[in-house]
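1. Sequence and computational prediction follow.
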Amino acid sequence: MFWFDRITPIDPASPVPLYFQVESDLRRLIRDEVLKPGVTMPAEHALCATYGVSRHTMRTALARLASEKLIARSAGRGTTVCLHEPPIPFSLDRSFSRQMAELGNTAHSIVLHQAASTVGRPHPEPLRHADGQPCLDLRRLRLGNDVPIGIQETTVLTARCPELAGFDFTQASLYETLAGHFRLDIQKIQHTIAAAAADDEQARRLDVPAGTPLLLVRTTAYLHDDAVIEHTVSHYRSDRYEYAITHTPP
């Protein structure tokens, strides 16, 4: 088959496990639609010969792709490439909840941790100026239509919103709560974007294999007087979320 010419050969000397090299390459071929949705993949023995790996290695790689719902395996039909949804466009000027609503999706959260605290050494650098001040630590698994999309670790300075820890953030939007209940309008948001790899805990929460590429976004929000109110570190699934920007030259 012509796509055999598009594979990336494995590197036996690499510290990356062989199954993960095969898995990553097949995922790339599926994402790039070199292996198109609905196509039946070659039998295991043919894939083993192509990549030069054992049956056990290939089965591990295919099982991980199946767990990610990129392929479907069934007796009598072999292995089929699944249809997959395009990533959700990621916009920096909208909250997660608002973006989900605009896309016609239902956003909700699973609160993994929510507690009143005080700013200290474990907190991120943009909040260090507020050492000793009260804050809310909030960690949420964000979902769109019940599909896990990201994990957000948020710290909010609560001197201007002291009752914030009592709100239920499984459904409520943090920014809408700050604006609507506490009359705190966020005037400026700074973002930094980077890449990261899912650790074991993130992989379990996001339902992806460990080591899967994630979109890492750090956000700092400011009020009208340039006072920092909130900082969030988000890890988004890169297969479900993508960042794009259009720039018009002057």
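-> All right, it came through fine.

2. Okay, helices next: where are they in this structure?
-> Taking DSSP state H, the helices of the chain run over residues 18-31, 44-51, 55-67, 96-102, 174-180, 200-206.

3. Alpha carbons of the first one, as PDB, please.
-> If I follow you right, that is helix 18-31. Presented in PDB, the C-alpha positions along helix 18-31 are these (Å, rounded to 0.1, in the frame of the first residue of the first chain):
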ATOM      1  CA  LEU A  18       9.200   0.700  20.500                       C
ATOM      2  CA  TYR A  19       5.400   0.500  21.000                       C
ATOM      3  CA  PHE A  20       5.200   4.200  21.600                       C
ATOM      4  CA  GLN A  21       7.200   5.000  18.400                       C
ATOM      5  CA  VAL A  22       4.800   2.800  16.400                       C
ATOM      6  CA  GLU A  23       1.800   4.300  18.100                       C
ATOM      7  CA  SER A  24       2.900   7.900  17.600                       C
ATOM      8  CA  ASP A  25       3.600   7.300  13.900                       C
ATOM      9  CA  LEU A  26       0.300   5.600  13.200                       C
ATOM     10  CA  ARG A  27      -1.400   8.400  15.100                       C
ATOM     11  CA  ARG A  28       0.300  10.900  12.800                       C
ATOM     12  CA  LEU A  29      -0.800   9.000   9.700                       C
ATOM     13  CA  ILE A  30      -4.300   8.900  10.900                       C
ATOM     14  CA  ARG A  31      -4.400  12.600  11.900                       C
END
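
4. If you count neighbours, what's buried in that helix?
-> Within helix 18-31, the residues scored as buried using 16 or more other C-beta atoms under 10 Å are Leu18, Tyr19, Phe20, Gln21, Val22, Glu23, Ser24, Asp25, Leu26, Arg27, Leu29, Ile30. Any C-beta I mention is one placed from the backbone N, CA and C, and that applies to glycine too.

5. Of the helices of the chain, which is nearest Ala116?
-> With distances scored as C-beta to C-beta, the stretch of the helices of the chain nearest to Ala116 is helix 174-180 (14.9 Å).

6. Look up phi and psi at the residue of the chain most remote from its centre.
-> The C-alpha centroid of the chain is most remote from Gly76, which lies 34.7 Å away (C-alpha atoms, centre = their mean). Gly76 adopts backbone torsions of phi 90, psi -20, taken as degrees, to the nearest 10.

7. want to throw the helices of the chain into CSV with distance to Tyr222?
-> Output for the helices of the chain, formatted as CSV (distance: least, C-beta to C-beta, whole Å):
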stretch, distance to Tyr222
helix 18-31, 37
helix 44-51, 51
helix 55-67, 41
helix 96-102, 19
helix 174-180, 12
helix 200-206, 28
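
8. Deepest-packed of those, please.
-> With neighbours defined as mean count of other C-beta atoms under 10 Å, the helices of the chain peak in mean count at helix 18-31, which reaches a mean of 20.

9. Quick check: mean pLDDT of stretch 70-77?
-> Mean pLDDT, stretch 70-77: 80.

10. can you list the residues that contact it?
-> Stretch 70-77 is contacted from outside by 26-27, 30, 40-41, 62, 65-66, 79-82, 84, using C-beta atoms under 8 Å, 6 or more residues apart in numbering.

11. The same query, at a cut-off of 10 Å, please.
-> Stretch 70-77 has contacts (C-beta atoms under 10 Å, 6 or more residues apart in numbering) with 23, 26-27, 30-31, 35, 37, 39-41, 44, 59, 62-66, 78-84, 239.

12. Restricting to C-alpha, output that stretch in CSV.
-> Extracted in CSV, the C-alpha atoms of stretch 70-77 (Å, rounded to 0.1, in the frame of the first residue of the first chain):
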residue,chain,number,x,y,z
LEU,A,70,-8.7,6.3,16.6
ILE,A,71,-9.1,2.8,15.4
ALA,A,72,-11.7,0.0,15.9
ARG,A,73,-10.7,-3.6,16.1
SER,A,74,-13.3,-6.4,15.6
ALA,A,75,-13.1,-10.1,14.9
GLY,A,76,-13.8,-10.8,11.2
ARG,A,77,-13.4,-7.2,10.1
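
13. Perfect, I'm done here.
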